[in-house]
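Student: Need a 3D model of the sequence below.
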Amino acid sequence: MNSIFKNNNFVIISIGAVPASLLRWQIDQVFIVNIIGCFLLGFLNSFPISRRYKLIFGFGFCGSLTTFSGLSFQLFKFINHGFYKLFLLNSIVLVILGLCAVGLGHLAAKKIIN
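Tutor: Okay, the predicted model is just below:
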């Protein structure tokens, strides 16, 4: 149990996770929050900031904002209702756009830094 609280990482991550989970609760679009979270993660991880801030914003905020379980449930509903093409399209599009969003976030951060 002490390893969870080592260096106050539990508290540090919670500082970012709580507001992000509240924001996620207000935005009822799994697709949108995942793309925004991917962009922010690419953006934040490209800045030369301390580990503490990467834990708060990258791990805590982006991790709480994005939702793999919500995406999985949405995809399950497509399969369950027989919308196989919609399932496949959403799966592929979200992964590709997520990777592009991480890349764009990275590029945006590099433009600001340089």
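Student: helix/strand/coil for the residue located most distally from the centre of the chain?
Tutor: Centroid-distance maximum for the chain: residue 82 at 28.1 Å, with Cα atoms, centre = their mean. State at residue 82, reduced to three classes by DSSP: H, G, I helix; E, B strand; the rest coil: coil.
Student: so residue 63 makes contact with residue 14?
Tutor: No. Counting by Cβ atoms under 8 Å, residue 14 is not a contact partner of residue 63; they are 11.2 Å apart. Heads up, the C-betas are built off the backbone N, CA and C, glycines and all.
Student: isn't residue 40 right up against residue 105?
Tutor: Yes. Using Cβ under 8 Å, residue 40 is in contact with residue 105, at 6.3 Å.
Student: Name the surrounding residues that touch stretch 27-41.
Tutor: For stretch 27-41, the external contacting residues (Cβ atoms under 8 Å, 6 or more residues apart in numbering) are 23-24, 57-58, 61-62, 65-67, 70-71, 74, 90, 94, 97-99, 101-102, 104-105.
Student: Just the buried residues of those.
Tutor: The neighbour count (16 or more other Cβ atoms under 10 Å) marks 24, 57-58, 61-62, 65-67, 70-71, 74, 90, 94, 97-98, 101-102, 104-105 as buried among these.
Student: buried ones in the one helix or strand residue 96 maps to?
Tutor: Element membership for residue 96 (DSSP states H and E) is helix 84-113. Within helix 84-113, the residues that count as buried by 16+ other Cβ under 10 Å are 87, 90, 94, 97, 98, 101, 102, 104, 105, 106, 109.
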